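# Structure, please.
(2 chains)
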2 protein chains.
Amino acid sequence: MEADEATTLLAAVPGWELTGEARRLRRTFVFTDFMQAQAFAVRVGETAEEENHHPDISYGWGYCTVVFYTHKIGGLHQNDFIMAARVNGLL
Amino acid sequence: MEADEATTLLAAVPGWELTGEARRLRRTFVFTDFMQAQAFAVRVGETAEEENHHPDISYGWGYCTVVFYTHKIGGLHQNDFIMAARVNGLL
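Reported below is the predicted structural model:
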């Protein structure tokens, strides 16, 4: 999709930001220790597996960052925003 | 520790590399799908929790990257290499 369309859809997924010239959708979640961050990463991963649309996940002590994009188009698809909304629902 | 000491210890942890001016210890592990990568990340995390020495972990479809360093010294400590060896043992 075009960058302006991505910007419009972004309003539907609070907390997420566009990166990489609007080709990536990213959010960092904050936690109070390592295991909570890991537990969240796993919930994100299980949701991704159900939908067969997998993010890149980074986590460590107190944080978990999730990045969605659609590999086959090298950028963002509506599905990435749907997944971001589902991840927000895991909080 | 000094960079030359880190280089010496590196020989004890096959597959790991020094990054960030020898202040980080990193290895990327390759898998055949997302869930295997996530399962490995969780095993690494559980080991880290046992030792109370937590890495930064990044994973996605087919890969898991683990980075150790010691926050309070802003660089590498012998414990980082011990953890790297333990992670190698999880394979």
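# Tell me the first helix or strand C-terminal of the helix or strand of chain A with the lowest mean pLDDT.
Lowest by mean pLDDT, DSSP states H and E among the helices and strands of chain A is helix A:3-10, with a mean of 91. Downstream of helix A:3-10, the first helix or strand assigned by DSSP states H and E is strand A:17-19.
# got the buried residues for that next one?
Within strand A:17-19, the residues that count as buried by 16 or more other Cβ atoms under 10 Å in any protein chain shown are A:Leu18. In short, each C-beta sits where N, CA and C put it, glycine included.
# And stretch A:43-52, by the same measure?
Using 16+ other Cβ under 10 Å as the test for burial, stretch A:43-52 gives A:Val44, A:Gly45, A:Thr47, A:Ala48.
# hey, C-alpha coordinates of the least confident helix or strand of chain A in CSV?
Output of helix A:3-10 as CSV, limited to C-alpha atoms (Å, rounded to 0.1, in the frame of the first residue of the first chain):
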residue,chain,number,x,y,z
ALA,A,3,2.4,5.5,2.6
ASP,A,4,-0.6,7.8,3.0
GLU,A,5,-2.9,4.7,3.2
ALA,A,6,-0.7,3.3,5.8
THR,A,7,-0.9,6.5,7.8
THR,A,8,-4.6,6.4,7.7
LEU,A,9,-4.8,2.8,8.9
LEU,A,10,-2.3,3.6,11.6
